[in-house]
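What follows is a predicted structure for the sequence shown.
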Amino acid sequence: MKPHPSLTTEELDELFRWLDADPVKAAAKYRQIHRGLVERFLNRGCLDAETLADETIDRVARKVRTIAPNYEGNVKDYFHGVAKRVFLEYCRDQRRQARPVPAAPEPLFSEVYYDCLELCLEKLPPEKRELILTYYAEKKSAKIESRKAIRRRLSLKADALRVRTHRIRKTLEDCISECVKRNET
Amino acid sequence: MMEEYGSRDLLRRYLLGDLEEDQREKIEAGLLTDEKLFDAIADVRDEMIDDYSFDILPERDRKLFDTNFVLNPERLHKLRVSTALAHYRDANLAPVSSMQASAPLSLIQRIFAGRKRWRLATALVSSLVLLAIGYGGWRAYEHYQLKQRVEELRVKQLQVEQYLAKLNGQDLSAHSDSMLSLTLRPLLRESKATNKVRISARTEILELRLEAKESNFPVYRADIEDSDGVRLYSVENLRWRQDNGAIVVFLRLPSQLLSPATYQIHLQGISAQQQTVDIGRYPFQIVLV
């Protein structure tokens, strides 16, 4: 795929105005579209999803001046259509290039991660630590009965359990990320 | 709005690349504008990563994950965290069993089928309920005993750690006759050497001199771990000194605390901002002579 020069300020402003007259809302929509595109490309097997998402937005931005005055329909559909074309071109380029030798798979277990996990678990407030450890102690099977058992023990509804553990898990991930970076420097 | 895209299972199929093209297109169009859909997919993705790490994905899904699930840096980080959690669970956590589910639904349906069986059904169900209550009471007591035991061990651990803190803060020059000193260097990756520490009946205190490369930290913390890396005790507020030209952190342990086995000291530096940095691990083996 040939590289495009970066967008001008005018092109970016026009894109934002097309997304929404309110600049704050436009920025929020832009972020939503960008991350949606990244997720889409990742789930289509594209490791360089960020680049493809940027390429999609760049192409739309360059067309806004000509299409916006007469465009009818949902803006997202236009992005969606461009993303499909970008993906097809990506696949064609991949097929044309010589297949690189696949790298050895990254090891998933890391001692640094394990050590950082222990440190970060200790930093959690006791009740959050107990909840997350109880959740994973019981995570032996995907059977519904296991999750019901945890909810009964903790007096939580299904969604509430999931939301709470998801938040604690996010805190752990951020803590571990910082810890790993410190260990690597 | 979420409902129009389908169930959590459908989203999982999407992430595994296991959907028809038109279904994928529909979800991907929604991703650009529907925050709830985006969050739901993130949630399903994280759950799937956990299931993969905890080895509870069905075989077919596992293969799809290996083939189709692209690991960008963010996803790889999540997978590594999840893998670490799985290992931690296996090393440290035992599941607390829940109460067993009541009798299977089909049996209950058969018991209550037909009016003529009503009295027998009532008697049977009452017996089952009484049994369940009795069993539940026993399991609750068992759980209570387990919690008590865990609490006793925790209190004992705290008491030992308090004693160790006191020991490492004292001037022990008067006990030099009964103290055994040993210098340890941090374990190198390629090295499998373990220092043997020979302790006699006269040895009351083992003084480990842990050589560190850096003296940047106001205090250090030493975790005494067994050969599996399980933390037994911690000693905080250790300080470094110059000893024969080397930076050394002194750690004193009562000999009676260490039975013949292999241990390691995990030394960490604690910055003024309370951040911890790994200094090294110092394995040693206790041998009684």
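Nice, I can see it. Numbers count the residues shown, from 1 in each chain, chains lettered A, B, ... in the order given.

alpha carbons only for contacts and neighbour counts from here, please
Will do.

Spatially central residue in chain A, please.
In chain A, the centroid-proximal residue (Cα atoms, centre = their mean) is residue A:39; its distance is 5.4 Å.

How about the helix or strand where that one lies, which residues are buried there?
Per DSSP states H and E, residue A:39 falls inside helix A:23-42. Neighbour counts over helix A:23-42 (16 or more other Cα atoms under 10 Å in any protein chain shown) mark A:26, A:29-30, A:32-42 as buried.

Identify the residues contacting it?
A:16-17, A:19-20, A:47-50, A:52-54, A:57, A:76, A:83, A:87, B:28, B:31-33, B:35, B:38, B:69-70, B:72 (Cα atoms under 8 Å, 6 or more residues apart in numbering or on different chains).

Could you give me the buried positions within whichever helix or strand comes after that helix?
As assigned by DSSP H and E, the chain's next helix or strand after helix A:23-42 is helix A:49-67. Residues of helix A:49-67 classed as buried: A:49-50, A:52-53, A:55-62, A:64 (neighbour count, 16+ other Cα under 10 Å).

How about stretch A:169-183?
Buried, per 16+ other Cα under 10 Å, within stretch A:169-183: A:169, A:172, A:173, A:175, A:176, A:177, A:179, A:180.

And residue 158, what's its pLDDT?
You didn't say which chain, so I picked chain A. Per-residue pLDDT puts residue A:158 at 69.

my bad, chain B
pLDDT, read off for residue B:158, is 78.

could you say which helix or strand contains it?
helix B:118-167.

following that helix, which helix or strand shows up next?
Sequence-wise, the next helix or strand downstream of helix B:118-167 (DSSP H and E) is strand B:179-184.

orientation of whichever helix or strand comes after that following strand relative to strand B:179-184 in degrees?
Along the chain past strand B:179-184, the next helix or strand (assigned with DSSP H and E) turns out to be strand B:195-199. Calculated by axes from the mean of the first three to the mean of the last three Cα atoms, to 10 degrees, strand B:195-199 forms an angle of 180 degrees with strand B:179-184.

and the chain, what are its domains?
All of this is about chain A. With domains defined by automatic domain parsing, chain A comprises A:9-96, A:111-184.

could you do chain B instead?
Using automatic domain parsing, chain B is parsed into the domains B:2-92, B:97-167, B:177-288.

and the residue nearest to residue B:69 when sequence neighbours are not counted, what pLDDT?
Spatially, and ignoring its direct neighbours in sequence, residue B:69 is nearest to residue B:16 (6.1 Å; Cα to Cα, 6 or more residues apart in numbering or on different chains). The score at residue B:16 is 93. That number is its pLDDT.

is it true that residue B:16 touches residue B:63?
No. At 9.3 Å, residue B:16 does not count as touching residue B:63 under the criterion of Cα atoms under 8 Å.

Show me what secondary structure element comes after the lowest-mean-pLDDT helix or strand in chain A.
Every helix and strand of chain A was ranked by mean pLDDT, DSSP states H and E. The lowest is helix A:144-154, at a mean of 65. Per DSSP H and E, the first helix or strand lying C-terminal to helix A:144-154 is helix A:158-184.

Show me how far that following helix is from its chain's centre.
Centroid separation for helix A:158-184 versus its chain: 15 Å, with Cα atoms, centre = their mean, to the nearest Å.

Find the residue at the geometric middle of chain B.
Short answer for chain B (Cα atoms, centre = their mean): residue B:88, at 3.2 Å.
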